[in-house]
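K.L.:
I'll drop the sequence and a predicted model, then ask my questions.
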Amino acid sequence: MSASDAMPRFLDAGEAALVVEFGSGVDPAVSDRVLALDAALAEAAPTGLRELVPTYRSLMIHYDPLQITRDALVGMVEERLSAPKTRARKAVLWTVPCCYEAPHGEDLAEMAEIMGMPAEKAAQIHAGATYRAYMYGFAPGFTYLGGLPDEIAISRRTKPRPPHDSKVVLVGGGLSAIATFSMPTGWYVVGRTPERLYAPERASAFLMEPGDDIRFEPIDAATFAALDRRVEAGEVVARRQGQ
Amino acid sequence: MTGTLSILSAGPGSTVQDGGRHGYLRYGVTGAGPMDPLAHAVANRALGNPAGAAAIEVSLGGIEITAEEAPLTVAVAGGAFSATLDGQALPPAVVVRLEPGVQLRLRAGAAGCWCYLAVAGGLDLPLVLGSASTHTRTGIGGLEGRALAAGDRLATGTPARVSVAAGAIQAPLLERPAETIRVILGPQDDFFAPDQIASFLAGPWTVSARGDRMACFLEGPKLTHLRGYNITSDGIAMGAIQVPGEGQPIILMADRQSTGGYPKIATIIGPDLGRLAQARPGSTLCFRSVSHAEAVAARAEEQAFLAGAIPVEPLIRTRFTSEFLLGLNLVDGYVDAHAQA
């Protein structure tokens, strides 16, 4: 039995949350299984299901144990896992504008130097890849992106850097990420997007679903300023393709 | 009839909380909500409010409130705080009618860290992502996404019942000693050898002063991991007990992150979350591992209690003096006389 069809582990996180664990690391095949189960449960939610939290390697199911027993929930998960394979995930691709130039790509030069290449080259490599939004976490709208090319797969800093701007694009720990809030970080700030991935007052507070694909479109600082004004006025400037 | 609750003074850390912000953990949004969900629900249910109505979570910093223009019916429940109505002592869990200008004051009392102040009809605040719960780190919910301060005014909703009798709330479920907290082992208990699990359960653990709405830090025996302490991030339930490298447990509470990367040795059962939240810094506790079935039974007991009418014993039948009862404004006509005192 290969890792791709082995039954997952069912772990209790208290009496009201069940972890369905498909693997232990960051792996697109594991993520596919997590997201497929997430979609299957969301499509026909069992009574008592409260929230689904997909992560790199597991799906946390928050439920009301007075409405559905643990055994019944496990049974429903197993049933969905053994159902004929449906599409693992929707083919949605987001194109997100990103300014790698000064003053936005604050740590790009530092990161490029460590990785032994000019800053322009590092930006080009970052913008040339397609990323998967594996999961949200850490803060509202903070998106963890898999698919960072090996040439720029830098480790995290040993000591955090001072707080960065909101809406920055990060690399570190072999991943990329988009941070929605200003905070200190152990990652490297390589660019900044005018788009707001988290806007609680907007009808769609979050643009992306876990599992969506993302590409970054390089823009210059003047374009950033123009798009930023449009975003502040309520517009969405990231482009969505697919169903 | 709606009214206005006015904050006369507030120590740091008192916020508006409803039943929590649900449905957005998958986008990285914390659930927030009350630190002691049972006490929050009891205060609301004693007034006939839905269990998850928006109420004030009062920190050890205390609070002082009054009603503006129209009287309000309010309920207090949670830790054993010292509650006074215009200087007259009240039981720590109580329903009172708050006349305009009369001061209800809550101060850290004998025990507990959090106290809930609910108002008949609930607090009427705009919902952010479906909830009025305050999350100060991201500045959303409650009043402008921040802790309450002197001068704040909060509108109340329409009460479900025409009137609620004043009296002492009878909620034996709230008498919860914090010495033993029930947990279900896991989800990452396999990161610890059996002797480490035993050491975790036995403690004793001292509650650190570092805690806040996000996490409770414990100090005690140093726990060691079988195979490292870095895991690929997975989901975090409220009450998850994670053990980072230094071997001292951190319990993730209402304002926790939705996902995280340390092994979680155990998870506090829902009915004991409030018990832990109310443990004062410096107090000691240990854990008891229970089965899933036992946790669900405790949860069912709690839900049955909240589903019924919360007994409120009229203060007239208690040991309180007539002077005290006049202070409660149980009898119309004494309000003005009292205000002049």
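P.N.:
Nice, thanks for sending it over.

K.L.:
what secondary structure does the residue in chain A that chain B sits nearest to sit in?
P.N.:
Going by C-beta to the nearest C-beta, chain B is nearest to residue A:60 of chain A, at 2.8 Å. In short, each C-beta sits where N, CA and C put it, glycine included. Following DSSP: H, G, I helix; E, B strand; the rest coil, residue A:60 is assigned to strand.

K.L.:
repeat for residue A:50
P.N.:
Assignment for residue A:50 (three-state DSSP): strand.

K.L.:
can you check residue B:158 too?
P.N.:
Classification of residue B:158 using three-state DSSP returns coil.

K.L.:
neighbours of the residue of chain A closest to chain B, how many?
P.N.:
The number of residues packed around residue A:60, counting by other C-beta atoms under 10 Å in any protein chain shown, is 26.

K.L.:
and for the residue nearest to it when sequence neighbours are not counted, the neighbour number?
P.N.:
Nearest non-adjacent residue to residue A:60, counting by C-beta to C-beta, 6 or more residues apart in numbering or on different chains: residue B:235, 2.8 Å away. Other residues near residue B:235 come to 28 when the count uses other C-beta under 10 Å.

K.L.:
surely residue B:235 meets residue A:13?
P.N.:
Yes. Between residue B:235 and residue A:13 there is a contact under C-beta atoms under 8 Å: 6.9 Å.

K.L.:
mind listing the shared neighbours of these two?
P.N.:
Taking C-beta atoms under 8 Å, 6 or more residues apart in numbering or on different chains as the criterion, residue B:235 and residue A:13 both touch A:19, A:60.

K.L.:
bridged to the residue of chain A closest to chain B, which residues?
P.N.:
Assessed by DSSP bridges, residue A:60 has beta-bridge partners residue A:19, residue A:53.

K.L.:
element containing the residue nearest to residue B:164 when sequence neighbours are not counted, please.
P.N.:
Take residue B:164 and drop its neighbours on the chain: the residue closest to it by C-beta to C-beta, 6+ apart is residue B:73, 5.0 Å away. In this assignment (DSSP states H and E), residue B:73 forms part of strand B:72-78.

K.L.:
next, give phi and psi for residue B:47.
P.N.:
For residue B:47, the backbone dihedrals (degrees, to the nearest 10) come out as phi -100, psi 0.

K.L.:
where does the prediction get shaky in the chain?
P.N.:
Let's take chain A. A:1-5, A:84-90, A:243 (pLDDT under 70).

K.L.:
that was the other one, I meant chain B.
P.N.:
Low-confidence segments of chain B, defined by pLDDT under 70: B:1, B:161-162, B:316-341.

K.L.:
recalculate using a threshold of 90.
P.N.:
B:1-2, B:69, B:158-166, B:172-173, B:175-178, B:227-233, B:260-262, B:314-341 (pLDDT under 90).

K.L.:
taking it, what residue is nearest to chain A?
P.N.:
For chain B, the residue closest to chain A is residue B:235, as judged by C-beta to the nearest C-beta, at 2.8 Å.

K.L.:
tell me the contacts of that residue?
P.N.:
A:13, A:17, A:19, A:53, A:55, A:58-60, B:25, B:258-259.

K.L.:
I'm done for today, thanks for sticking with me.
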